[in-house]
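# Output the structure for:
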Amino acid sequence: MTTAMGPDSPTVTDETTPQLDDLGAKQFDDLGGKQPVDLGDKQPDHTQTAPGRRKPQRKRRGTRPESLLSGPYRTPTLGIVLTVTLLAFEAMAVATVMPVTARDLNGLSLYAWGFSGTLIASVLATVLAGGWIDRSGPAKPLLIGLAVFVAGLAIAGAAPTMAIFVVGRVVQGLGMGVAMVASYVLIARVYPESLRPRVFAALAAAWVLPSLIGPAVGGVVAEHIGWRWVFLGLIPLVIPAAAMLVPAFRNLKPVEHAEHGPAGRAGATRYIAAVAVAAGAGLLLYGLDNPGLALIPAAAAGLAGLAYGLPKLFPAGTLRMRRGLPSVVVARGLLAGAFFGTDVFIPLALTSLHGFSATQAGIVLTVAALGWSAASQIQGRSRRPQTLFVLLGAVFTTVGVVAVTVTLQLSGWWAAPAWAIGGFGMGFAISALSVLMLDQSAEEEQGVNSSALQISDTLGSSVVVGLAGALVTGFGTDHLEQGLVVAGLLFTAIAALAVVSAFRLEAEKA
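Numbering: from 1, shown residues only. From the prediction side, this is the model:
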């Protein structure tokens with residue numbers, strides 16, 4: 001990644017200064033000068049000729065305009081990456097401290113809701129944020145989302161009971177949902193299309209460090225300082241991230257949204273659909289987590305809520321995998337379900353079938369995270385079509401799922417290179433799908449469509465994990481190996497559907 005202070009940065013040195021008279025006012029301006037220079041007869045009409053002569057000079061300066069850390073892009077890039085890093089760290093660290101938290105607050109019965117509550121709130125906030133952002137722009141929603149996230153951290157960190165802790169986690173989910181959708185729209189409004197792949201590659205890289213050290217740091221903090229500081233300690237770090245984004249907000253231009261577009265139609269119907277989807281997801285997950293008499297009615301009610309709400313929140317034709325944006329949204333959910341479903345059960349298989357420690361199992365997941373980051377950097381810097389990267393990513397992810405399902409039945413350590421293939425596939429596909437979503441969205445629909453992409457991602461991963469968990473639980477601990485094979489077949493089928501959707505990403509020609 002080229003930085004503003006790197007070899008491409010234009011500077012005025014002793015060698016170049018004597019040549020300013022020959023370069024002219026336009027070159028001096030490009031070299032860093034801010035005031036016009038009177039060059040007499042050499043440039044009689046500087047203000048009229050300068051604009052038309054900038055293109056040759058831009059080529060001479062190399063790639064500086066394409067840097068995420070140059071000029072007006074530096075501060076928003078740092079702010080967005082820091083924001084995503086903090087959100088990722090919280091997500092990775094909380095899994096480590098949840099057992100300690102539940103024991104300390106005597107709330108093991110509410111353990112699962114420490115995760116499910118955040119998920120459901122995130123889905124609800126993601127839906128409601130889309131129309132809000134399209135109507136008002138990303139600035140206010142992003143700042144409010146971060147403020148709500150901070151409030152959730154404070155509530156969870158100071159919780160005297162497990163019930164209050166779950167409330168804090170729900171508030172965190174609300175803030176995260178709004179902040180993530182607003183971040184996508186901010187990227188669309190601040191960066192040109194040529195830079196968007198690099199921005200999403202940077203966001204993928206922002207997950208690497210939390211993936212590597214988040215669980216370990218969370219464990220150390222919980223053990224030596226106290227689990228509460230995993231939440232309270234993040235609060236001071238959110239403030240500078242938000243402050244870095246303020247200058248970018250000032251330069252945003254208001255967008256006139258169409259009255260009959262998704263933002264213009266936002267109203268009671270959309271809000272009811274949002275509640276139906278959030279409630280449906282919660283009921284479905286509850287049913288899957290509680291096999292027995294509660295399974296059928298809870299799952300049926302959950303599916304009914306999803307069936308009612310999703311068609312009103314997704315682009316038309318999404319559930320039929322129509323070409324273009326609908327298939328982009330579908331592909332995101334299918335890939336998330338296949339990858340994260342597999343990812344969740346790898347530690348269980350390694351520790352139960354092969355005697356791995358938690359640290360050793362974590363190494364396998366870390367290798368996949370590194371593969372994801374490496375592939376996203378390749379994708380972000382390539383000029384090849386984004387549709388190609390989604391197709392390659394879906395194929396790699398499918399191969400990775402199959403390979404890790406097989407290797408887990410043979411030898412634990414072979415799962416590391418096998419799952420690196422899956423991580424590589426996700427690195428290719430996920431960022432490319434984000435770019436395609438923005439490219440195929442009208443400016444006044446970027447919030448709603450970003451919301452749809454996030455909903456697909458969240459629901460895809462959570463529902464598939466819940467379904468696979470029910471399958472594995474049904475086989476029991478005595479037949480865990482067979483249960484994991486069946487779950488692997490489910491993940492493979494979902495990944496194969498993602499490959500099919502990857503052939504339908506280009507919009508239909510009018």
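# Is residue 288 located within a helix, as I assumed?
Yes. With DSSP: H, G, I helix; E, B strand; the rest coil as the criterion, residue 288 is part of a helix.
# How many neighbouring residues does it have?
If you count neighbours by other Cβ atoms under 10 Å, residue 288 ends up with 22. No exception for glycine: its C-beta is placed from N, CA and C like everyone else's.
# Which residue comes closest to it once chain neighbours are left out?
residue 466 (3.8 Å; Cβ to Cβ, 6 or more residues apart in numbering).
# Run through the residues that contact residue 207.
84, 85, 88, 369, 372, 373 (Cβ atoms under 8 Å, 6 or more residues apart in numbering).
# Repeat that for residue 480.
348, 349, 352, 353, 472.
# The first one: neighbour count?
In other words, residue 348. The number of residues packed near residue 348 is 17, by other Cβ under 10 Å.
# That one sits in which helix or strand?
In the assignment (DSSP states H and E), residue 348 maps to helix 325-353.
# Helix or strand next in line after that helix, which one?
helix 358-381.
# Hey, what's the angle from that next one to helix 325-353? Just curious.
For helix 358-381 against helix 325-353, the angle by axes from the mean of the first three to the mean of the last three Cα atoms, to 10 degrees is 160 degrees.
# buried ones in helix 358-381?
360-362, 364-377, 379-380 (16 or more other Cβ atoms under 10 Å).
# returning to that earlier point: most neighbours among the contacts of residue 480, which one is it?
Counting by other Cβ under 10 Å, top hit in these: residue 349 with 28 neighbours.
# could you measure that residue against residue 164, distance?
Going from residue 349 to residue 164 by Cβ to Cβ, to the nearest Å gives 35 Å.
# Equivalent analysis for residue 127, please.
Counting by Cβ to Cβ, the gap from residue 127 to residue 164 is 26 Å.
# neighbour count winner among those two?
Remark: of residue 127 and residue 164, residue 127 carries more neighbours, 29 against 15, as counted by other Cβ under 10 Å.
# Now do the buried residues in the helix or strand hosting the more buried one.
Element membership of residue 127, judged by DSSP H and E, is helix 113-136. Going by neighbour count (16+ other Cβ under 10 Å), the buried part of helix 113-136 is 113-134.
# buried set for the very next helix or strand once past that helix?
Using DSSP H and E, the helix or strand that follows helix 113-136 in sequence is helix 139-157. The neighbour-count check on helix 139-157 (16+ other Cβ under 10 Å) flags 139, 141-146, 148-157 as buried.
# got it, and stretch 487-495?
487, 488, 490, 491, 492, 494, 495.
# picking up where we left off before, looking at the contacts of residue 480, point me to the pair that's furthest apart.
353 and 472 (12.2 Å; Cβ to Cβ).
# Can you check which residues contact both of these two?
Residues touching both residue 353 and residue 472 (Cβ under 8 Å, 6+ apart): 480, 484.
# How about residue 296, nearest residue that isn't a chain neighbour?
Nearest residue to residue 296 in three dimensions, chain neighbours excluded: residue 287, at 7.5 Å (Cβ to Cβ, 6+ apart).
# again, but for residue 500
Residue 500 sits nearest to residue 321 (Cβ to Cβ, 6+ apart), 7.6 Å away.
# Can you give me the neighbour number for the one you found?
If we define neighbours as other Cβ under 10 Å, then residue 321 has 17 of them.
# so it makes contact with residue 498?
No. Look at residue 321 against residue 498 with Cβ atoms under 8 Å: they stay out of range, at 10.6 Å.
# Next one: residue 183 relative to residue 243, how far apart?
Counting by Cβ to Cβ, the gap from residue 183 to residue 243 is 15 Å.
# Equivalent analysis for residue 428, please.
Relative to residue 243, residue 428 is positioned 34 Å away (Cβ to Cβ).
# Can you pick out the residue with more neighbours from those two?
Comparing residue 428 with residue 243 by other Cβ under 10 Å, the one with more neighbours is residue 428, at 28 against 11.
# which residues touch the residue nearest to residue 483 when sequence neighbours are not counted?
Residue nearest to residue 483 in three dimensions, not counting chain neighbours: residue 475, with 3.2 Å by Cβ to Cβ, 6+ apart. Going by Cβ under 8 Å, 6+ apart, residue 475 touches 482, 483, 486.
# at 10 Å instead, please
Counting by Cβ atoms under 10 Å, 6 or more residues apart in numbering, residue 475 touches 481, 482, 483, 484, 485, 486, 487.
# Count the residues that sit near the second one.
Going back to what we said before, that points to residue 482. Neighbours of residue 482 (other Cβ under 10 Å): 13.
# I'd guessed it sits against residue 472; true?
Yes. Counting by Cβ atoms under 10 Å, residue 482 touches residue 472, with 9.3 Å between them.
# Residue 372 and residue 379, how far apart?
Using Cβ to Cβ, residue 372 is found at 11 Å from residue 379.
# do the same with residue 158
Counting by Cβ to Cβ, the gap from residue 158 to residue 379 is 42 Å.
# I figured residue 389 was touching residue 375, is that so?
Yes. The pair residue 389 / residue 375 is scored as a contact, 8.6 Å apart, by Cβ under 10 Å.
# what touches both of those two?
425, 427, 428, 429, 430, 431.
# Looking at those, which gets the smallest pLDDT?
Of all the shared contacts of residue 389 and residue 375, residue 431 carries the smallest pLDDT score, 84.
# With adjacent residues omitted, what lies nearest to it?
residue 200 is the one closest to residue 431 (Cβ to Cβ, 6+ apart), at 3.7 Å.
# Count the residues that sit near the one you found.
Residue 200, neighbours per other Cβ under 10 Å, totals 23.
# Isn't it up against residue 428?
No. Residue 200 lies out of contact with residue 428 (Cβ under 10 Å); the separation is 11.5 Å.
# what is in contact with these two at once?
376, 379.
# Using CSV, write out every CA atom in the helix holding residue 127.
Only the C-alpha atoms of helix 113-136 are listed here, as CSV (Å, rounded to 0.1, in the frame of the first residue of the first chain):
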residue,chain,number,x,y,z
TRP,A,113,-28.0,-15.0,25.0
GLY,A,114,-24.7,-13.1,25.5
PHE,A,115,-24.1,-13.9,21.9
SER,A,116,-27.6,-14.3,20.5
GLY,A,117,-28.8,-11.0,22.0
THR,A,118,-26.0,-9.2,20.1
LEU,A,119,-26.8,-11.0,16.9
ILE,A,120,-30.6,-10.2,17.0
ALA,A,121,-30.0,-6.6,17.9
SER,A,122,-27.4,-6.2,15.1
VAL,A,123,-29.9,-7.6,12.5
LEU,A,124,-32.5,-5.2,13.7
ALA,A,125,-30.2,-2.2,13.7
THR,A,126,-28.8,-3.1,10.3
VAL,A,127,-32.2,-3.0,8.8
LEU,A,128,-33.3,0.2,10.3
ALA,A,129,-30.0,1.9,9.6
GLY,A,130,-30.2,1.4,5.9
GLY,A,131,-33.1,3.7,5.2
TRP,A,132,-32.0,6.2,7.8
ILE,A,133,-28.5,6.5,6.2
ASP,A,134,-29.9,6.9,2.7
ARG,A,135,-32.1,9.8,3.9
SER,A,136,-29.6,11.6,6.2
